[in-house]
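1. heads up, no residue letters with this:
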């Protein structure tokens, strides 16, 4: 009894991964952005605490912080950190629901990833408007 088992040839795998040609789905991009925003918030925390300490120390320190905040580059960095916070917060809520096994099906996961972007961007615009204008 000879069996007719045929081996399929192995797939030709790339020798290196071209990371710029790989297209991640929206939940994958959201996951990477969640990690980046968390790292940025962690790394900029000493600067934010220093600004808070300086502004609460004396009136001169408060005036210096106000003058720092009027610089356009500082405003851009703070708006970026504000977006990082809003994105990290909204994505964190999404991950809490995923941990409770809510919305783990593929269409629901894609929809909730899109909702994170559609919520975090307007929240950033509103908060930046209230803070700087």
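-> Nice, I can see it. All of these numbers come straight from a predicted model, not from anything done at the bench. Residues are numbered from 1 along each chain as shown.
2. tell me the secondary structure for residue 103?
-> coil (DSSP: H, G, I helix; E, B strand; the rest coil).
3. from residue 94, how far off is it?
-> Between residue 103 and residue 94 the distance is 8 Å, computed by CB to CB, to the nearest Å. Every C-beta, even on glycine, is put in place using the N, C-alpha and C of the backbone.
4. hey, what's in contact with both of these two?
-> residue 112 (CB atoms under 8 Å, 6 or more residues apart in numbering).
5. what about the chain, any weak spots by pLDDT?
-> Along the chain, the parts satisfying pLDDT under 70 run over 1-4, 14.
6. mind listing the helices for it?
-> For the chain, the helices defined by DSSP state H occupy 26-57, 59-69, 72-99, 106-132.
7. angle of the third one against helix 106-132?
-> Between the axes of helix 72-99 and helix 106-132, defined by axes from the mean of the first three to the mean of the last three CA atoms, to 10 degrees, the angle is 150 degrees.
8. tell me what angle helix 72-99 forms with helix 26-57.
-> 130 degrees.
9. tell me the contacts of residue 121?
-> Contacts were defined as CB under 8 Å, 6+ apart; by that measure residue 121 touches 83, 86.
10. gap between it and residue 83?
-> Residue 121 is 7 Å from residue 83, by CB to CB.
11. next, the buried residues of stretch 54-68.
-> For stretch 54-68, the neighbour count (16 or more other CB atoms under 10 Å) marks 55, 65 as buried.
12. off-centre distance for that stretch?
-> 30 Å (CA atoms, centre = their mean, to the nearest Å).
13. do stretch 120-127 as well
-> 14 Å.
14. and stretch 11-20, by the same measure?
-> Relative to its chain's centre, stretch 11-20 lies at 27 Å (CA atoms, centre = their mean).
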